[in-house]
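S.K.: turn this into a model:
(2 chains)
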Amino acid sequence: MSMQPLLDVEQLKTYFYLNQNQVAKAVDGISFSVFPGETVALVGESGSGKSITALSIMQLINKPGKIIEGSITMNNQELLKLKPKQMTSIRGNDIGMIFQEPMTALNPVFTIGNQITEIIRKHKKVNRRVAEIRAVSLLKVVGIPRPEEIMKEYPHQLSGGMRQRVMIAMAISCDPQLLIADEPTTALDVTIQAQILDLMVEMQEKFQMALLLITHDLGVVYEYTDRVMVMYGGQIVEQAPTKQLLKLTRHPYTQGLLASLPKIDEDVDRLGTIKGTVPPAYNFPIGCRFATRCPFVMDKCKESNPELKELDTGHFVRCYLYEDGGSTNDDD
Amino acid sequence: MYQYIIRRILVFIPMLLALSIIVFGLAKAAPGDPFTGKILDPNINPEVYEQQREALGLNKPVPIQYLNWAKEVAQGNFGESITFNGRSVQSLIKERILNTVYLGIVALGITLVVAIPIGIYSARKPYSLLDYGATTFGFAGLAIPNFFFGLVVIYLLSIKMGWFPAQGTLTSNDLSGFAEFKDRLHHMVLPGLTLGLASTASYMRYMRSEVLDVLGSDYIRTAKAKGMSDRNVLYKHTLRNAMIPIITLMGFEFGAILSGAIITEQVFNFPGLGTLFINAITNRDYPVVMAIALLLGVAILVGNLIADIFYSIVDPRIRYD
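M.R.: Sure thing, here's the model as predicted:
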């Protein structure tokens, strides 16, 4: 990966000011890059800050949330310094986004055609006719049958899977360089999930986009992504190429996540679990944020938060277990 | 859709029938008739009153009286007013109904023009100074009785400031064309404001909560993620959804404003249906009372139908079949 990153996030902090004495550090100093054409997964439990990271990139953080620090550059352009109006020509145009809930993500009172042509007309500056032709062909591309008729239909007339296809058509309609998908299949039937993911990867290859896939499903990560970032408590705790991460899982949290996956070739009575829950973002422990749930916790972990360190090329871990540089405790 | 409307209109028939029975029954249940309660001229033989009652059919059994009345009403004949000697009820109503309808339109206009922009602003800047101001005004507007607010605006804006006339509909009968229109409008500002006060307050609150609700919804986030401008997000995506319940309410408002006008017209001595209604009640002029009560009932039924039709137009998820 010696090429220029497409998206570069540096020390991003997005805090929510709940009241005078409570600040939720939803995203607390994360840095990562996404390279052109690459598929990157952002993994973590609910509340780990992965969706807020995505919304921060789009600058769609609502009050009382605020991006307080850091930099987000895309093609060497600093997005955080753009005026709100300039940002509207990035959103939907350079970065497309797909959300978790296809049932509510489309406006119920406008036709599908209206909602797709509106984004095409905004960014491509074309007239209605041209936008409609493009919209129909996009619907065809994402595998929607009888696209001309669907154009005239309303969201409530479509199934969840179809709506997510419409969302994908909308997100890729202006040839974005980056597609952010925030748990795009969580709300769908299992049978539809694979279809939608396959479609996204197909679109990604066809239109040569980078894909930032937010998920909590490590099976999906394994199958579809090049690189993984594991988030915990608003920070990245482990980051590695997907194959490397699964071969040599280092952070106890990632190990816990993997242990909770069912495996075809092993017969166990109970799947592994990680005890406890993610600490609330307004009340993180002083030391390592995973210390309260970590099976390998040491005294040191409760005193200070470890740094994210590169152990092998491209494999970063935030854990004191690897202080001395690379010894793993896969064996215990 | 057309089938639905026709079906709804057919349902009106039994409802109107029931309404007419109730109206008639209530009028009959009230004690007295036009010949009681007045200071009776001692020189007139009580038998003369009896003869009059007989001539007017007031001594027949109530169901017969109802049938007689209903037969006439079905033909559009509401009979003669008892107090306005010999004048037909229709002509009395015709003379005044437009005044009340115009007043209703002005009141609804004021309501919408004031309530919707303030409601939107309050929702976009919740807990701002203007939002608090609007909330305060909203509660006050709901709490202050119509007639009292009417008296206050008459005192302040008419007597003290002299900006608006306090009563009537026209300064002089010589006006015509645009001058007449302007003068009529000028006369309707204060009663319109008074009549629209309560609904302005409640529409404002509705609008605020609807817009707030919609602004927090997923599809607004989608619209923003598509790069739509703030204007587009607010005026297209948000308003279209936030207006759905408001438009529905407006249908109901149709009937409510006509009945609300009864008190307001009284305060402003406004020659509309309301004053006619009150006068008819105090004079026990039952033909007029019944006709107006029936008319209000029809207005409410039609208002509800309009609400339903609007609802299906603005919300594609609603289909009547």
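
S.K.: can you get me a residue count around whatever residue of the stretch 1-150 of chain A ends up closest to chain B?
M.R.: Using C-beta to the nearest C-beta, the single residue of the stretch 1-150 of chain A nearest to chain B is residue A:92, 3.4 Å away. For glycine as for every other residue, the C-beta is placed from the backbone atoms N, C-alpha and C. A count of neighbours around residue A:92, defined by other C-beta atoms under 10 Å in any protein chain shown, yields 27.

S.K.: mind listing what's buried in stretch A:194-203?
M.R.: A:195-197, A:199-201, A:203 (16 or more other C-beta atoms under 10 Å in any protein chain shown).

S.K.: picking that back up, who's in contact with the residue of the stretch 1-150 of chain A closest to chain B?
M.R.: Applying C-beta atoms under 8 Å, 6 or more residues apart in numbering or on different chains, we find residue A:92 in contact with A:119, A:122-123, A:171, A:174, A:176, B:225-228.

S.K.: of those residues, closest to residue A:232?
M.R.: When the contacts of residue A:92 are ranked by distance to residue A:232 (C-beta to C-beta), residue B:225 comes first, at 25.8 Å.

S.K.: low pLDDT regions in the chain?
M.R.: By default, I'm working from chain A. Scanning chain A for pLDDT under 70 picks out the ranges A:1-2, A:324-332.

S.K.: please go with chain B instead
M.R.: B:32-42, B:320-321.

S.K.: just the element for the residue nearest the centre of chain B, please.
M.R.: Residue closest to the mean C-alpha point of chain B, counted by C-alpha atoms, centre = their mean, is residue B:258 at 1.7 Å. Residue B:258 belongs to helix B:239-267 when elements are defined using DSSP states H and E.

S.K.: check whether that helix comes into contact with chain A.
M.R.: Yes: using C-beta under 8 Å from any C-beta of the partner chain, helix B:239-267 reaches chain A at B:240-241, B:244.

S.K.: what subset of the residues you listed is buried?
M.R.: B:240-241, B:244.

S.K.: just give me the closest of those to residue A:17.
M.R.: Closest to residue A:17, out of all of these and judged by C-beta to C-beta, is residue B:241, at 28.6 Å.

S.K.: residue contacts, residue A:100?
M.R.: Contacts of residue A:100 by C-beta under 8 Å, 6+ apart are A:182-184, A:186-187.

S.K.: up against chain B, what does the stretch 51-200 of chain A have?
M.R.: So the stretch 51-200 of chain A meets chain B at A:58, A:60, A:62, A:84-85, A:88-93, A:96-97, A:99, A:101, A:104-111, A:118-119, A:122-123, A:154, A:156, A:167, A:170 (C-beta under 8 Å from any C-beta).

S.K.: so which bits of the helix holding residue B:258 are buried?
M.R.: Those buried within helix B:239-267 under the rule 16+ other C-beta under 10 Å are B:239-246, B:248-251, B:253-267.

S.K.: and stretch A:63-71, by the same measure?
M.R.: For stretch A:63-71, the neighbour count (16+ other C-beta under 10 Å) marks A:65, A:67, A:70 as buried.

S.K.: run a quick neighbour tally on the residue lying closest to the first one once chain neighbours are set aside.
M.R.: By the measure of C-beta to C-beta, 6 or more residues apart in numbering or on different chains, the closest residue to residue A:65 outside its immediate chain neighbours is residue A:16, 4.5 Å from it. Applying other C-beta under 10 Å, we find 19 residues neighbouring residue A:16.

S.K.: how about residue A:16, secondary structure?
M.R.: What DSSP: H, G, I helix; E, B strand; the rest coil gives for residue A:16 is strand.

S.K.: residues in contact with it?
M.R.: A:23-24, A:26, A:64-66, A:281-282.

S.K.: between the residues you listed, which is closest to residue A:316?
M.R.: Relative to residue A:316, and with distances defined as C-beta to C-beta, the nearest of those is residue A:26, at 20.8 Å.

S.K.: now the helices: where do they sit in the stretch 101-250 of chain A?
M.R.: For the stretch 101-250 of chain A, applying DSSP state H, counting those that start in this stretch gives helices covering A:102-105, A:112-124, A:128-141, A:147-151, A:160-171, A:190-207, A:218-224, A:242-247.

S.K.: again, but for chain B
M.R.: Per DSSP state H, chain B carries helices over the ranges B:2-29, B:46-56, B:62-74, B:89-124, B:129-143, B:146-153, B:177-215, B:218-225, B:230-231, B:239-267, B:273-282, B:286-314.

S.K.: how about the residue of the stretch 151-300 of chain A found nearest chain B, nearest residue that isn't a chain neighbour?
M.R.: Closest residue of the stretch 151-300 of chain A to chain B, C-beta to the nearest C-beta: residue A:154 (4.5 Å). Nearest residue to residue A:154, sequence neighbours excluded (C-beta to C-beta, 6+ apart): residue B:316, at 4.5 Å.

S.K.: how about residue A:57?
M.R.: residue A:72 (5.8 Å).

S.K.: the one you found belongs to a strand?
M.R.: Yes: counting by three-state DSSP, one finds residue A:72 located in a strand.

S.K.: tell me which residues touch it, please.
M.R.: Counted by C-beta under 8 Å, 6+ apart, residue A:72 has contacts A:7-10, A:12, A:56-57, A:78-80.
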